[in-house]
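Peer 1: Kindly return the folded structure for what I paste below:
(chains A and B)
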Amino acid sequence: MSDWNREDPLDRNPPGGRASPLRRAIGLGSSGSGAHHWWLQRVTAVALVPLSIWLVASLIAHARDGQQDLLAWLGRPAVAVTMAALWVILFWHMKLGLRVIVEDYVHADRMKFAILIVVDLVSLALMAIGVFTNLYLALH
Amino acid sequence: MLIRSSKQVSRWRRPRRFPVPPASGTSPASRIEQGKTWPEPQGATRVRHLRIFRYDPESGNNPRVDTFAIDRDKCGPMLLDALIKIKNEIDPTFAFRRSCREGICGSCAMNIDGTNWLACIRALDEMNEPATVYPLNNMDVVKDLVGDQAHLFAQLHSIKPWLRTRTPAPANSERLQSPEERAKLDGDYECILCFCCTSGCPSHWWNGDRFLGPAVLLQAHRWLVDSRDEATDERLDELEDPFKLYRCHTILNCTRTCPKGLNPGKKIAEIKLMIQQRRS
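Peer 2: Purely as a prediction, here's the structure:
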């Protein structure tokens, strides 16, 4: 794996160049970010523990309910708010996690930027769909 | 199972071949071939077999795995003794690094039976039969077991691993440290920079050009906790990056493989906590 000199969009260190190892190791330097991402990933993970237990337990408890009972349950304010929080936090966590996976494994920069945009937009769309569907069922 | 030290033995059997089978999706030119089987020693009762990776990039030939037979009664107890014996008596073209032969210089790090370790402190009797010896992975091979460490030392250089101060040094003494302050360096200063950990880190395999790797982050931690250093702010600024630091996903191969029994994974977690501390 002589990937140390793989191409980047700015082509700063083209393969076969004579840049020093230190220049390669420094790269573009530190972005001064990443801590926020790391923290939010943990916060959402912690929040998901009770939320997912609650969801599974509720689904088991309401497994034998008819549609009317289920809609009535979803219409309760506490349930509607918790469900909305679940969608937001779940897909936010997914967005953060997928970003890490893409950064880990996708090395062609143009492709990486494109995939990251798709990941962010799809996560936000899923979040919106989840919350909207939930409120729609709760308010009708 | 949370890995806290390389002294722990995993409950699960680990795959023996490391990191990949010899011909899985690699280009034909880098495919490892069956090499030479060297003659058995005459009249030996206890014979150990070593399957050793051989490669000379300048020869134009593919890498190969040679099988050597060693008479245990005419060889020292450690793998390094066997390697030296091979170079002296069997094949003088065999190349590997070594210096201190007692686990303090970090030169003879290699992949032994699938785990990165120092050849000088790995007993022949603890090894498989036949044992496999490969160079540290994820480094360009210079020759045989010698990997190119230029990038790893450049990464070490990039964190400026030296004392950075703003206060002038005291006129008539060294910069002093209390025993308690000195004790904070325990678990950091013992690192011998053999790069067993960095070479075994999947995050460093995939993103080694940007991720600093456990060995270098352990050194970064060493200077962050040194009571004499006055550049903690700069050091944390330089580390706070999704790739340089946060590519560590706490896989803990580093802690599992460290031949000095250190815990780089924990020290990296402490750096992340330090950054969180100053943010909230």
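
Peer 1: quick one, what contacts the nearest residue to B:Asp144 once chain neighbours are set aside?
Peer 2: Distance criterion C-beta to C-beta, 6 or more residues apart in numbering or on different chains; nearest residue to B:Asp144, sequence neighbours excluded, is B:Ala95 at 4.1 Å. (Each C-beta comes from the backbone N, C-alpha and C, glycine too.) B:Ala95 sits next to B:142-146 when contact means C-beta atoms under 8 Å, 6 or more residues apart in numbering or on different chains.

Peer 1: So among the residues you listed, which ones count as buried?
Peer 2: Buried by 16 or more other C-beta atoms under 10 Å in any protein chain shown: B:142-146, out of those.

Peer 1: Of those, which pair is most distant in space?
Peer 2: B:Val142 and B:Leu145 (9.4 Å; C-beta to C-beta).

Peer 1: Let me see the backbone angles for the residue lying closest to B:Gly208 once chain neighbours are set aside.
Peer 2: Nearest residue to B:Gly208 in three dimensions, chain neighbours excluded: B:Asn138, at 6.2 Å (C-beta to C-beta, 6+ apart). Backbone torsions of B:Asn138, given as degrees, to the nearest 10, read phi 60, psi 20.

Peer 1: B:Asp144 too?
Peer 2: Per-residue torsions, B:Asp144: phi 50, psi -110 (degrees, to the nearest 10).

Peer 1: and what of B:Asp229?
Peer 2: Torsion angles, degrees, to the nearest 10, at B:Asp229: phi -80, psi 140.

Peer 1: contacting residues for it?
Peer 2: With contact set as C-beta under 8 Å, 6+ apart, B:Asp229 has these partners: B:163-165, B:223, B:235.

Peer 1: and what of B:Arg48?
Peer 2: Neighbouring residues of B:Arg48 by C-beta under 8 Å, 6+ apart: B:69-70, B:72, B:75, B:82, B:124, B:127, B:129-131.

Peer 1: one more time with 7 Å, if that's ok
Peer 2: B:70, B:72, B:124, B:129 (C-beta atoms under 7 Å, 6 or more residues apart in numbering or on different chains).

Peer 1: Let's verify the spatially closest residue to the last one that is not a sequence neighbour: helix, strand, or coil?
Peer 2: Counting by C-beta to C-beta, 6+ apart, B:Glu129 lies nearest to B:His49, which is 6.3 Å off, once chain neighbours are set aside. Three states are possible here, and by DSSP: H, G, I helix; E, B strand; the rest coil the one that applies to B:His49 is strand.

Peer 1: Mind listing the residues bridging to B:His49?
Peer 2: Legend: beta-bridge partners of B:His49 under DSSP bridges are B:Ala69.

Peer 1: Enumerate the residues of the stretch 1-150 of chain B near chain A.
Peer 2: B:138, B:140, B:150 (C-beta under 7 Å from any C-beta of the partner chain).

Peer 1: circling back: count the residues that sit near the residue nearest to B:Gly208.
Peer 2: By the criterion of other C-beta atoms under 10 Å in any protein chain shown, B:Asn138 has 22 neighbours.

Peer 1: And B:Gln276, by the same measure?
Peer 2: Neighbourhood size, B:Gln276 [other C-beta under 10 Å]: 14.

Peer 1: Got the confidence number for it?
Peer 2: In this prediction, B:Gln276 carries a pLDDT score of 96.

Peer 1: Quick check: phi and psi at it.
Peer 2: Dihedral angles (degrees, to the nearest 10) for B:Gln276: phi -70, psi -40.

Peer 1: Relative to B:Cys248, how far out is it?
Peer 2: Distance of B:Gln276 to B:Cys248, computed by C-beta to C-beta, to the nearest Å: 14 Å.

Peer 1: ditto for B:Leu212
Peer 2: Per C-beta to C-beta, B:Leu212 is found 9 Å from B:Cys248.

Peer 1: what about these two, which has more around it?
Peer 2: The residue with more neighbours, out of B:Leu212 and B:Cys248, is B:Leu212; 29 against 24, by other C-beta under 10 Å.

Peer 1: Do you know the pLDDT at B:His221?
Peer 2: What the model reports as pLDDT for B:His221 is 98.

Peer 1: That one: what's it in contact with?
Peer 2: So B:His221 contacts B:188, B:267, B:270-271 (C-beta under 7 Å, 6+ apart).

Peer 1: Repeat the analysis, applying 8 Å as the threshold.
Peer 2: Applying C-beta under 8 Å, 6+ apart, we find B:His221 in contact with B:188, B:267-268, B:270-271.

Peer 1: Grab the nearest non-local neighbour of the spatially most central residue of chain B.
Peer 2: When C-alpha atoms, centre = their mean is applied to chain B, the residue found nearest the centroid is B:Cys196 (1.3 Å). Computed as C-beta to C-beta, 6+ apart, the closest residue to B:Cys196 that is not its neighbour in sequence is B:Asn116, at 3.7 Å.
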